[in-house]
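In: coordinates only, no sequence provided:
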């Protein structure tokens, strides 16, 4: 999970599919892709946590919701049920379907130190906002933690291309952060939002993400055609905020054996 993605500009496509289609796609890619090396032996998934930062007026949320052509968001990512080990503060930039990141790795023990006044001293003499680092966004936009989104990811990587990833995301849930930087939480705080009412799908969805370098491989194009995949906007962050604003959460337990 520590691989550096900050130098990769990738083409990112998202699709909401059923479990049956996910199974068919998994079978289709088995000669092209292998499980991600970070998946533990005996499992086919890992757990992803994103702490999303935003402004008081939810600027980054609205930029995404209304599909601003060029936009960015600040978040911090860690893996596993609990925040032990490392965390990756990052900015995720997007222009149309092209995505790139600026990120760094720190120990979770250093997390609180990222918000001490000393961290932002280098910005005090700047006269205009810049967006080059995670700290820039926190300082210039007064961004704070808004939503903690967690999901279960089943990941595969291409063995034919320099960069290619197929992931299936399930069990999408979130908790309100309300400005807190505390990474500890109780499971009862997590609200699931991959239900049919929230996602406008007849069944709870599987979120398929296809990530390649900007030249999309032929096997990906064929896969999209074969399964009749219809691209749709799906921001995990936006859906969590929609759910907060509408208070339309479905409470349930995970089916995964964490």
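Out: Received it, and whenever you're ready, just let me know what you need. Nothing here was measured: the structure is a model prediction, and the numbers come from that model.
In: okay, and the residue of the chain most remote from its centre sits in which element?
Out: Seen from the C-alpha centroid of the chain, the residue lying at the greatest distance (CA atoms, centre = their mean) is residue 125, 33.0 Å away. For residue 125, there is no host helix or strand (DSSP states H and E).
In: and what of residue 241?
Out: For residue 241, the element it lies in under DSSP H and E is helix 236-246.
In: got the contact list for that helix?
Out: Contact with helix 236-246 is made by 50, 52, 58, 60-61, 64-65, 73, 75, 146-147, 149, 151, 169, 172, 174, 176, 191, 193, 198-199, 207, 249, as judged by CB atoms under 8 Å, 6 or more residues apart in numbering. Placement of C-beta: from N, CA and C, glycine included.
In: how deep is residue 50 tucked in, by neighbour count?
Out: Residues near residue 50, counting by other CB atoms under 10 Å, number 21.
In: did I read that right, it in a strand?
Out: Yes: assigned with DSSP: H, G, I helix; E, B strand; the rest coil, residue 50 falls within a strand.
In: pretty sure it contacts residue 77?
Out: Yes: counting by CB atoms under 8 Å, residue 50 touches residue 77, with 5.3 Å between them.
In: could you look up the SS state of residue 42?
Out: Residue 42 ends up coil, using three-state DSSP.
In: now the helix or strand hosting residue 208 and helix 236-246, what's the angle there?
Out: For residue 208, the element it lies in under DSSP H and E is strand 206-213. On the basis of axes from the mean of the first three to the mean of the last three CA atoms, to 10 degrees, strand 206-213 is oriented at 140 degrees to helix 236-246.
In: in the stretch 101-250 of the chain, which spans are strands?
Out: Using DSSP state E, counting those that start in this stretch, the strands of the stretch 101-250 of the chain run over 106-107, 144-158, 164-176, 191-192, 206-213.
In: make JSON lines out of those and add mean neighbour count.
Out: Below are these laid out as JSON lines (neighbours: other CB atoms under 10 Å):
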{"stretch": "strand 106-107", "mean neighbour count": "12"}
{"stretch": "strand 144-158", "mean neighbour count": "21"}
{"stretch": "strand 164-176", "mean neighbour count": "21"}
{"stretch": "strand 191-192", "mean neighbour count": "20"}
{"stretch": "strand 206-213", "mean neighbour count": "20"}
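In: skipping its backbone neighbours, what lies nearest residue 123 in space?
Out: With CB to CB, 6 or more residues apart in numbering as the criterion, residue 123 has its nearest non-adjacent residue at 5.1 Å, and that residue is residue 139.
In: equivalent analysis for residue 85, please.
Out: Spatial nearest neighbour of residue 85, chain neighbours left out: residue 108 (6.3 Å); criterion: CB to CB, 6+ apart.
In: same check, this time on residue 194
Out: residue 172 (4.1 Å).
In: my guess is that neighbour meets residue 207, correct?
Out: Yes: counting by CB under 8 Å, residue 172 touches residue 207, with 7.2 Å between them.
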